[in-house]
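*Asks:* here is the input, now give the coordinates:
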Amino acid sequence: PSHDMEGGIVTLNADTGALTIAAAGDMVSAGAVTLTGAGGILTAGDITTKGATVNLNSPVTQTGAVTIDTTNAGSSPAGAAVTSFGAVTGNQSLTLRVGTGNNITIGAGSNLGTLSVVSANNVNVTDTSGLVLGTSTISGNLTVAAGGAITDSGAVVVAGNTELNAGANAITLDNSGNTFNGTVKVNSNVASLTLVDTTALNLDTISGAALAPGGATSITANGITQSIALNIGTTATFNGGNGAVVLLNPLNTYGGALTVAGGSARIFVNSADQADLKAGAVTTAGLFELTTNPGTGFGLLGGVVGFDLSQADLANFNVGTFNPVASGAGAITVGTGAPLDWNVPSIGNVALTTQGTGDIDVANVRFITGNLSLVSGDQILGIEDRVHLVSGLGPVQIGALAGDFDFQNGQGLNLNGTVSIPGRLTLYRDWE
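*Replies:* The predicted structure is shown next:
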């Protein structure tokens, strides 16, 4: 039976021995509870206070599942702190409910089985082994450092930032109800990383994730962004659902096949990592914008400029509009001069964009589906940023199936050879 102590403060001191709370000895107190045992605190019973603190002045060893609740099952919602929370061992289930304004720190040397946080502000946990996160609602930040894998058995909801360190072990937080409203940071070279978020996910440092052979990084959310460079060791999958995937940090690195899906995607891929993009796939309902190192540029269908995508590579993109963007002196070339068709039905429209001084050259390519848009970045009349549609051996056909050709450039349009534009031709010219 539980022991309901209405009289006020409860202090139990086992002096030189261990303080034991049996499974049948659940404790309910109207006042603060202080437990001390030189030999530690052994407990399988729950501890509940009615809005008063719980002071654990000795290490705790669980001999069964334990709940510590300072809100009296929510009837005192402000709760109170659990102080002097040192190591908690026993590899059992621990449930904490302390109110949204109180912090929880579980110290080094702990060996928890499953930790569930019904309510708390900031939660900081250090565990010597693997840790399972049960259903939790955290109004502040979550910090977990574990000596084994970090997994979940229920939805984890964090209003603040989340920081995870599992050493060389796996992190798998894949519950469909997980919600990470702040940034998520992984600061160890984990064996594999899986994160699921019901909302838009902002990635902080992902340091060497999935370095182990056969490991992988998988991020699923309703939109994915980043606040610092990502260092991904092996294969990586970013699924933004119906939201946008925006990974534009120029210091991002990948070490395996890169797969991206979302309503739209804007990603930076270093030219040294282009094989990772070619080995993966991109699926978007709308825009897929691809940028690379300034000055490198893109070569499509045989055009060789540094970041080269063949027709087979392009077939891995199932997107509404493919928009390679070259910056600096980077150019975009399409084709090699021999007549060929843009035969990539998985790409709806094509937008070729230069943001610096690079040229756009389309040589002997017949676009047979969708619209073609060419946009150069220099809007000042000069000698750079020219668009060349070159027909050496046959006609260049733009929008051959009634697609439109939109051209915006401050330099002028060079048409060499026979050019067929059966769709609408729109020319824009910007003046200073």
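
*Asks:* buried sites along stretch 299-310?
*Replies:* Neighbour counts using 16 or more other C-beta atoms under 10 Å place G299, L300, L301, G302, G303, V305, G306, F307, D308, L309 of stretch 299-310 among the buried residues. (C-beta placed from N, C-alpha, C; glycine too.)

*Asks:* same deal with stretch 71-87?
*Replies:* Neighbour-count burial for stretch 71-87 [16+ other C-beta under 10 Å]: T71, N72, S76, G79, A80, A81, V82, S84, F85, G86, A87.

*Asks:* for the first one, which non-adjacent residue is spatially closest?
*Replies:* Leaving out its chain neighbours, the residue that sits closest to T71 by C-beta to C-beta, 6 or more residues apart in numbering is G79, at 4.1 Å.

*Asks:* determine the three-state secondary structure at the one you found.
*Replies:* Classification of G79 using DSSP: H, G, I helix; E, B strand; the rest coil returns coil.

*Asks:* centre of the chain to stretch 58-65, how far?
*Replies:* Centroid separation between stretch 58-65 and its chain, computed with C-alpha atoms, centre = their mean, to the nearest Å, is 36 Å.

*Asks:* buried sites along it?
*Replies:* Buried residues in stretch 58-65 (16+ other C-beta under 10 Å): S58, P59, V60, T61, Q62, A65.

*Asks:* picking up where we left off before, roughly how far apart are the residue nearest to T71 and I106?
*Replies:* Distance check for G79 against I106: by C-beta to C-beta, to the nearest Å, it reads 17 Å.

*Asks:* re earlier: just the ones in strands from the buried residues of stretch 71-87, please.
*Replies:* Mapping the buried residues of stretch 71-87 onto strands (DSSP state E) picks out V82.

*Asks:* can I get the buried residues of stretch 71-87 in a markdown table including distance to L340 and pLDDT?
*Replies:* Listed next are those as a markdown table, based on distance: C-beta to C-beta, whole Å; pLDDT from 0 to 100:
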| residue | distance to L340 | pLDDT |
| --- | --- | --- |
| T71 | 70 | 93 |
| N72 | 75 | 90 |
| S76 | 74 | 90 |
| G79 | 70 | 92 |
| A80 | 73 | 93 |
| A81 | 71 | 92 |
| V82 | 70 | 92 |
| S84 | 74 | 75 |
| F85 | 69 | 79 |
| G86 | 71 | 79 |
| A87 | 68 | 89 |
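
*Asks:* can I get the buried residues of stretch 71-87 in TSV with distance to T151?
*Replies:* Formatted as TSV, these follow (distance: C-beta to C-beta, whole Å):
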residue	distance to T151
T71	27
N72	31
S76	32
G79	27
A80	30
A81	28
V82	24
S84	28
F85	22
G86	24
A87	21
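
*Asks:* identify the farthest-apart pair in the buried residues of stretch 71-87.
*Replies:* The span of these, defined through C-beta to C-beta, is set by S76 and A87 at 27.7 Å.

*Asks:* any idea how far apart the tips of stretch 159-166 sit?
*Replies:* End-to-end distance for stretch 159-166, by C-alpha to C-alpha, to the nearest Å: 21 Å.

*Asks:* likewise stretch 180-196?
*Replies:* Across stretch 180-196, the terminal residues are separated by 9 Å (C-alpha to C-alpha).

*Asks:* not counting sequence-adjacent ones, nearest residue to G370?
*Replies:* Excluding the flanking residues, the one nearest G370 by C-beta to C-beta, 6+ apart is N349, at 4.2 Å.

*Asks:* which strands or helices does the helix or strand where the one you found lies pack on?
*Replies:* Assigned by DSSP states H and E, N349 belongs to strand 347-354. With contacts defined as 3 or more C-beta pairs under 8 Å, 6 or more residues apart in numbering; DSSP states H and E, the packing partners of strand 347-354 are strand 317-326, strand 332-334, strand 360-363, strand 372-376.

*Asks:* mean pLDDT lowest for which of the ones you listed?
*Replies:* Averaging pLDDT over each of the helices and strands packed on strand 347-354 singles out strand 372-376 as the lowest, with a mean of 75.

*Asks:* by how many degrees do it and strand 347-354 diverge?
*Replies:* 20 degrees (axes from the mean of the first three to the mean of the last three C-alpha atoms, to 10 degrees).

*Asks:* packing partners of strand 372-376?
*Replies:* By 3+ C-beta pairs under 8 Å, 6+ apart, strand 372-376 packs against strand 347-354, strand 360-363, strand 405-408.

*Asks:* quick one: which of those strands is nearest T253?
*Replies:* strand 347-354 (24.1 Å).

*Asks:* low-confidence stretches in this protein?
*Replies:* By pLDDT under 70, the weakly predicted segments of the chain are 1-11, 13-18, 22-25, 207-214, 368-369, 376-404, 406-432.

*Asks:* any idea which helix or strand comes after the longest helix along it?
*Replies:* Using DSSP state H, we find that the single longest helix of the chain is helix 274-279. Heading C-terminal from helix 274-279, the first helix or strand you meet, by DSSP H and E, is strand 281-284.

*Asks:* and that following strand, which strands flank it?
*Replies:* Applying DSSP bridges, strand 281-284 is found paired with strand 258-262 (parallel), strand 317-326 (parallel).

*Asks:* buried deepest among those, which one?
*Replies:* With neighbours defined as mean count of other C-beta atoms under 10 Å, those peak in mean count at strand 258-262, which reaches a mean of 23.

*Asks:* contacts only, for T220.
*Replies:* Counting by C-beta atoms under 8 Å, 6 or more residues apart in numbering, T220 makes contact with D174, L195, V196, D197, T237, N239, G241.

*Asks:* hmm, back to that, dump the strands paired with strand 281-284 into CSV; add distance to L164 as well.
*Replies:* Putting the strands paired with strand 281-284 into CSV (distance: least, C-beta to C-beta, whole Å) gives the following:
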stretch, distance to L164
strand 258-262, 22
strand 317-326, 32
